[in-house]
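Trainee: Got a sequence here, can you model it:
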Amino acid sequence: MMYVINHPVLHILMCLIVALWSVNCKVPVKPNFVILLADDLGYMDLHSFGAVYQELNEIDEMIREGMMFKNFYSADSVCTPSRAAMLTGRLPMRMGMHTSKQRFFDNDSAGGLLRSELTIAEMLGEVGYVSGFTGKWHLGLNRHTSTDGYHLPVHHGFDYVGWTMPLTNSLECDETTIHGMTGTDKFECFLYHNTTMVEQPLDHNLLTERLVSDSVEFIRDNAGVTPFFLYLSFPHTHMTVFANEDYRGKSRRELYGDNVNEMAGAVATVLTTLEEMGVTNETLVVFASDNGPDIRYCLEAGDPGFFRGSKFTFQEGGIHIPAAMRMPGYIPANTVNFQLATMMDIFPTFAELSGATIPEHLVIDGRSLVDTIFNSGPSPHNATFFYCQDQLFAIRYKQFKIMYKSHKEWMSLELMQCVCPRGIYDKRLLKKCVKTSLDTAYGCTEAFTITHDPPLIYNIEVDPRELFPLPYDTFGHVLNDVSRELEKLENTLTDIPPSVFKPSDCNLIPCCDEETDCVCNYNGGANIIGDAC
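Mentor: Numbering: from 1, shown residues only. As a prediction, this is how the structure comes out:
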């Protein structure tokens, strides 16, 4: 039997009782928001999520102080579309991320996140927030010239933009040459400050320190003055992995573990700054990965754990990500949440908490998690959908997952041992070991995928490795239920813009100074290679 308390005094007393258990009856008006986004971090790369040989670190401490999500999904299995979906709450396909061989932006890409898309920063700006960004962007750079910076964060609602990697931290940025590279490619690896190129190629030794400095400065400038949103987008743990001298050689997992721990140290500094400024209990902090790990890089890649698949694929290893939220006094410590949630839910969650209004015409695929987080409510989702470009690959529906297509499995143990002698990836061995480029093996076309007709049905809660499809004679009704959910979605897939993946144009590749052969603020110690065109 459930009793309803209508008397206002009794209601207040109940709130006081609940407060004793460190959970308040409501969240603050216009709390601050911090997103700490890792890059290619595997589901089982943190001790809290089962990485027994990864040291307990400050990210684990944050998780213990808040809520761990065990059923949290990215919207896509590769950087560009997953990040776009997080910032807008929308499926990547709605933003023109479709019908192309590309799945991410490169240095010669004219496309980027459309300025017509409403981002979290722009939405929060309408209700008095100031927004700051530092780190990896990967949502476009130039459009018309090599210096216009048309797609950079400042054009998407961010008031403060610090050190920025417009692209990503790729193998081409390796300064060690141990992976068969002949040096750093300066045309792939560069650093901006807001819209200005300041370092080409980038220096990993200073990178994390710079991002932390940006974050600390932004928090100190705004805490207690105005509500703020900080988006700290780590280059960790994307290949090439790195660690400065404070962390290098310290982890049991060697360089990859060092990289994880360096990121954790940065998280600790951000959380400490919130504490110093007296806004810890007024700030919702979200930690997550953008997608699963890139297992091409063997021991220098993340670990999807018992999940099948990896980055670029839509099996669990590519889209099922580690995530946590912390807000002391409002989110109880040591909480584990098993409700289905996605990165796209961050947008409407922040909207509800901030009092922002989402335009009626705007189709949002995410759902607010306020009830789920603060009231132990159910998942706001019946189903969530996964597209590779414009092709439906999978649907997560309640405890089930339906696979319409999947990527061919190619990274066998034999191939991994061939490409990665002693566990370290060596690009020089590609031609010997594989018949096709590993960079194209994750496309969305028929050459790299398998169509399942009828679709495969898995009970993910029982079979998280996706090994045992359920029989249709018993579970065929699930397909009927899912078909109705899919029909609802497809009715909203109107006014899809043309593909934002434009033809490559080498004239868009940035160069800090042609007189210095496109080398600026470089500290020495690595070979420089690369031609812009």
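Trainee: Contact partners for the residue lying closest to T342 once chain neighbours are set aside?
Mentor: Once flanking residues are discounted, T342 sits nearest to Y73: 4.7 Å by CB to CB, 6 or more residues apart in numbering. In short, each C-beta sits where N, CA and C put it, glycine included. Going by CB atoms under 8 Å, 6 or more residues apart in numbering, Y73 touches I319, H320, I321, L340, A341, T342, M343, T384, F386, R396.
Trainee: Show me what secondary structure element comes after the longest strand belonging to the chain.
Mentor: Criterion DSSP state E: the longest strand present in the chain is strand 449-459. Moving toward the C-terminus from strand 449-459, the next helix or strand (DSSP states H and E) is helix 472-490.
Trainee: still on that earlier bit, need the CA coordinates for the longest strand of the chain. PDB is fine.
Mentor: Extracted in PDB, the C-alpha atoms of strand 449-459 (Å, rounded to 0.1, in the frame of the first residue of the first chain):
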ATOM      1  CA  THR A 449      28.800  -5.400 -43.300                       C
ATOM      2  CA  ILE A 450      26.400  -8.300 -43.000                       C
ATOM      3  CA  THR A 451      22.700  -7.900 -43.400                       C
ATOM      4  CA  HIS A 452      20.500 -10.000 -41.000                       C
ATOM      5  CA  ASP A 453      17.200 -11.000 -42.500                       C
ATOM      6  CA  PRO A 454      15.300 -11.500 -40.300                       C
ATOM      7  CA  PRO A 455      17.100  -9.400 -37.700                       C
ATOM      8  CA  LEU A 456      18.900 -11.000 -34.900                       C
ATOM      9  CA  ILE A 457      17.300 -10.600 -31.400                       C
ATOM     10  CA  TYR A 458      19.500 -10.700 -28.300                       C
ATOM     11  CA  ASN A 459      18.600 -10.400 -24.600                       C
END
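Trainee: Wasn't G249 part of a helix?
Mentor: No: checked against DSSP: H, G, I helix; E, B strand; the rest coil, G249 lies outside a helix; its state is coil.
Trainee: these two touch, right, it and D258?
Mentor: Yes: using CB atoms under 8 Å, G249 is in contact with D258, at 6.8 Å.
Trainee: more crowded one of the two?
Mentor: D258 (23 against 9; other CB atoms under 10 Å).
Trainee: in what helix or strand does the more buried one lie?
Mentor: Counting by DSSP H and E, D258 is found in helix 254-276.
Trainee: and I364, how many neighbours?
Mentor: There are 20 residues near I364, going by other CB under 10 Å.
Trainee: brain fart, Q417
Mentor: Around Q417 there are 13 residues (other CB under 10 Å).
Trainee: Rounded mean pLDDT for the one helix or strand it maps to, please.
Mentor: Assigned by DSSP H and E, Q417 belongs to helix 413-419. For helix 413-419, mean pLDDT rounds to 91.
Trainee: Now it: buried residues?
Mentor: By 16 or more other CB atoms under 10 Å, the buried positions in helix 413-419 come out as M416, V419.
Trainee: what helices or strands is that helix leaning on?
Mentor: Where contact means 3 or more CB pairs under 8 Å, 6 or more residues apart in numbering; DSSP states H and E, helix 413-419 is packed against helix 430-433.
Trainee: so what strands line up beside the longest strand of the chain?
Mentor: Applying DSSP bridges, strand 449-459 is found paired with strand 400-407 (antiparallel).
Trainee: Mind listing residues that contact the partner strand?
Mentor: 309, 312-316, 388, 391-395, 441-442, 448-452, 455-460, 466, 470, 475, 478-479, 482.
Trainee: try it again with 7 Å
Mentor: By CB atoms under 7 Å, 6 or more residues apart in numbering, the list of residues contacting strand 400-407 from outside reads 312-315, 391-395, 442, 448-452, 455-460, 478-479, 482.
Trainee: Can I get that strand in CSV? Just the C-alpha atoms.
Mentor: Extracted C-alpha coordinates of strand 400-407, given in CSV (Å, rounded to 0.1, in the frame of the first residue of the first chain):
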residue,chain,number,x,y,z
PHE,A,400,16.5,-6.6,-26.0
LYS,A,401,18.8,-5.6,-28.8
ILE,A,402,17.8,-6.1,-32.5
MET,A,403,20.6,-6.3,-35.0
TYR,A,404,19.6,-5.4,-38.6
LYS,A,405,23.2,-5.2,-39.8
SER,A,406,26.6,-5.8,-38.3
HIS,A,407,30.2,-5.3,-39.3
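Trainee: Can you pull out the residues in contact with the longest strand of the chain?
Mentor: With CB under 7 Å, 6+ apart as the criterion, strand 449-459 contacts 399-408, 466, 469-470, 472, 475, 478-479.
Trainee: Buried ones among these?
Mentor: Buried among the contacts of strand 449-459 (16+ other CB under 10 Å): 400-407, 466, 469-470, 478-479.
Trainee: Turn these into JSON lines, including distance to G292 and pLDDT.
Mentor: Formatted as JSON lines, the buried ones among the contacts of strand 449-459 follow (distance: CB to CB, whole Å; pLDDT from 0 to 100):
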{"residue": "F400", "distance to G292": "20", "pLDDT": "98"}
{"residue": "K401", "distance to G292": "15", "pLDDT": "98"}
{"residue": "I402", "distance to G292": "19", "pLDDT": "98"}
{"residue": "M403", "distance to G292": "16", "pLDDT": "98"}
{"residue": "Y404", "distance to G292": "19", "pLDDT": "98"}
{"residue": "K405", "distance to G292": "17", "pLDDT": "97"}
{"residue": "S406", "distance to G292": "14", "pLDDT": "95"}
{"residue": "H407", "distance to G292": "12", "pLDDT": "92"}
{"residue": "E466", "distance to G292": "13", "pLDDT": "98"}
{"residue": "P469", "distance to G292": "21", "pLDDT": "98"}
{"residue": "L470", "distance to G292": "24", "pLDDT": "98"}
{"residue": "V478", "distance to G292": "25", "pLDDT": "97"}
{"residue": "L479", "distance to G292": "26", "pLDDT": "96"}
